[in-house]
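*Asks:* Got a sequence here, can you build the structure:
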Amino acid sequence: MRRLLRRRHETEARVAGEVAAAAAVVTEPADPDPQAAAFFDVDNTMMRGASIYHFARGLATRGLFTTSDLLKFAVGQAAFRLRGNENPEHIAVARETALAFVAGSKVDDVVRLGEEIYDEVMADRIWAGTRALAQSHLDTGQRVWLVTATPVELARVIAQRLGLTGALGTVAETRDGVYTGHLVGDLLHGPAKAEAVRALARREGLDLTRCTAYSDSANDLPLLSLVGSAVAINPDSELRDHARKHGWPVKDFRTGRKATMAALPIAAGVGAVAGGIAAGIALRRHYRTR
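*Replies:* Alright, predicted model coming up:
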């Protein structure tokens, strides 16, 4: 049974990765170095906290759901973080709940709200040090991609606002510009990120030995181990230990915020799902009141 479950998870990760790569939109850099690229995780790597949680906060300020709803999700996220528990069954249940809530929402509305909320809430939460690292790759003609469990529409907004090449994110099924309530593949999390980058590399002719990946989480070890250079950014304890053991650079931009950020960061898959539920509730209420 365990072997069958492992094979199923491996298949789901591969499908999620291929779907994410197929959905990626490319912006070519000036004087490109076509075989090299950099891949950045978003939550707590490029941005303080979870992007989907900040999106939910932005929806709360618009009165689309209550601050008590938001608090419940924040507490739930912190509990997962403290337990270090990303039980696949729990994630699956939360994912299905989030998708059920978002069903019927218009893609254009989500993108528009994402753009507004990024400018209002997220822009000031970008780590300047990580942003500078991304720019250094762009300056040498390399493409720079975000790779995140966050929905691809929101991930693209972040990438566009930062002037990056594009984004790989979780792909939700749509029909006639409306979310159906199902995923295409699975969450872009853990091994699925590595599969997405591998598929993108095939499509774009990248030499993965010349590529670099950045993350804060040991959940992204499959991605970090896939490329020629790996960098730990604001790492959790497991990733920090792994980075030291393998001689990977470690950069920590949190300085005096470490104690505060200990409660806010969340495991990538659970964070995306919990915030997605909050966002889904808000959007559903929005459509009911229109």
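*Asks:* use CA for all of it now, contacts and neighbours both
*Replies:* OK.
*Asks:* Tell me, how many residues neighbour residue 151?
*Replies:* Using other C-alpha atoms under 10 Å, residue 151 has 21 neighbouring residues.
*Asks:* quick one: low-confidence parts of the stretch 1-150 of the chain?
*Replies:* 1-11, 15-19, 21, 23-31, 64-102 (pLDDT under 70).
*Asks:* Show me the helices in it, by range?
*Replies:* 2-23, 51-61, 67-83, 88-102, 107-117, 128-139 (DSSP state H, counting those that start in this stretch).
*Asks:* just checking, what packs against the last one?
*Replies:* Contacts defined by 3 or more C-alpha pairs under 8 Å, 6 or more residues apart in numbering; DSSP states H and E place helix 128-139 against strand 37-40, strand 143-151.
*Asks:* Could you export these as a markdown table, including distance to residue 243?
*Replies:* Listed next are these as a markdown table, based on distance: least, C-alpha to C-alpha, whole Å:
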| stretch | distance to residue 243 |
| --- | --- |
| strand 37-40 | 16 |
| strand 143-151 | 19 |
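*Asks:* So for residue 252, which of the ones you listed sits nearest?
*Replies:* strand 37-40 (14.7 Å; C-alpha to C-alpha).
*Asks:* Need the residues that contact that closest one.
*Replies:* 46, 134, 137, 142-147, 206, 210-215 (C-alpha atoms under 8 Å, 6 or more residues apart in numbering).
*Asks:* between those residues, which is nearest residue 166?
*Replies:* Closest to residue 166, out of all of the contacts of strand 37-40 and judged by C-alpha to C-alpha, is residue 145, at 5.1 Å.
*Asks:* For the closest one, give me its contacts.
*Replies:* Residue 145 touches 37-40, 159, 164-168, counting by C-alpha under 8 Å, 6+ apart.
*Asks:* Show me which pair in those residues is furthest apart.
*Replies:* So, these by C-alpha to C-alpha: farthest apart are 37 and 159, at 14.3 Å.
*Asks:* Counting neighbours, go ahead and name the busier of the two.
*Replies:* Per other C-alpha under 10 Å, whichever of residue 37 and residue 159 has more neighbours is residue 37, with 25 against 18.
*Asks:* is the more buried one in a bridge, and if so with what?
*Replies:* residue 143 (DSSP bridges).
*Asks:* and the gap between it and residue 135?
*Replies:* Separation of residue 37 from residue 135 (C-alpha to C-alpha, to the nearest Å): 12 Å.
*Asks:* go on, residue 195?
*Replies:* 25 Å.
*Asks:* With residue 22 instead?
*Replies:* Counting by C-alpha to C-alpha, the gap from residue 22 to residue 135 is 25 Å.
*Asks:* Ok, residue 160 next?
*Replies:* For residue 160 relative to residue 135 (C-alpha to C-alpha), the value is 13 Å.
*Asks:* Among these two, which residue is more densely surrounded?
*Replies:* For the pair residue 160 and residue 135, the greater number of neighbours falls to residue 135 (18 against 15), based on other C-alpha under 10 Å.
*Asks:* just to revisit the earlier point, right, so of the helices and strands packed on helix 128-139, which gets closest to residue 177?
*Replies:* strand 143-151 (15.0 Å).
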